[in-house]
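>>> Have a look; sequence and predicted model below, questions after that.
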Amino acid sequence: MDKSISLTKAVILKPWLRRANILLILSFVALLVTIVVCYPLAHWVPFHLQLVGHISMILSATLVKLSYIGRCIVQHELLQRVG
């Protein structure tokens, strides 16, 4: 089995890997911010913002998972070590 990819495939997939990495970083930062707002700083944050924070926590955790899955798929297609 040939263990190489075409140049065209690499050119197409490299931007997707970059996007997945950026989304992974941004969603992880958003998750950390919502955790800090919802738990250690909860006594300073109004209830309606805590509610938004908890909903945002669920969404940002979902984005972390989806962006990581996307990153793994692209790495697999580029024949890179996935992990």
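Noted; the coordinates are in hand. Numbering: from 1, shown residues only.

>>> okay, CA-based contacts and neighbour counts for the rest of this
Noted.

>>> Quick check: residue 6 vs residue 51, distance?
The gap separating residue 6 from residue 51 is 48 Å, by C-alpha to C-alpha, to the nearest Å.

>>> More neighbours: the two, which one.
Counted by other C-alpha atoms under 10 Å, residue 6 and residue 51 do not tie: residue 51 has more neighbours, with 13 against 8.

>>> residues contacting residue 35?
By C-alpha atoms under 8 Å, 6 or more residues apart in numbering, the contact set of residue 35 is 53, 57.

>>> three-state assignment of it?
At residue 35 the chain is in helix, as set by DSSP: H, G, I helix; E, B strand; the rest coil.

>>> Need the pLDDT of it.
Looking at residue 35, its pLDDT is 97.

>>> Name all residues that make contact with the residue nearest the centre of the chain.
Per C-alpha atoms, centre = their mean, the C-alpha nearest to the average position across the chain is that of residue 24, at 2.5 Å. When contacts are counted by C-alpha under 8 Å, 6+ apart, residue 24 touches 63, 64, 67, 68.

>>> Do you have the helices of this structure handy? List them.
7-38, 47-77 (DSSP state H).

>>> For residue 52, give its distance to residue 58.
Taking C-alpha to C-alpha, one finds residue 52 at 10 Å from residue 58.

>>> Correction: the previous question concerned residue 10.
Applying C-alpha to C-alpha to residue 10 and residue 58 gives a distance of 33 Å.
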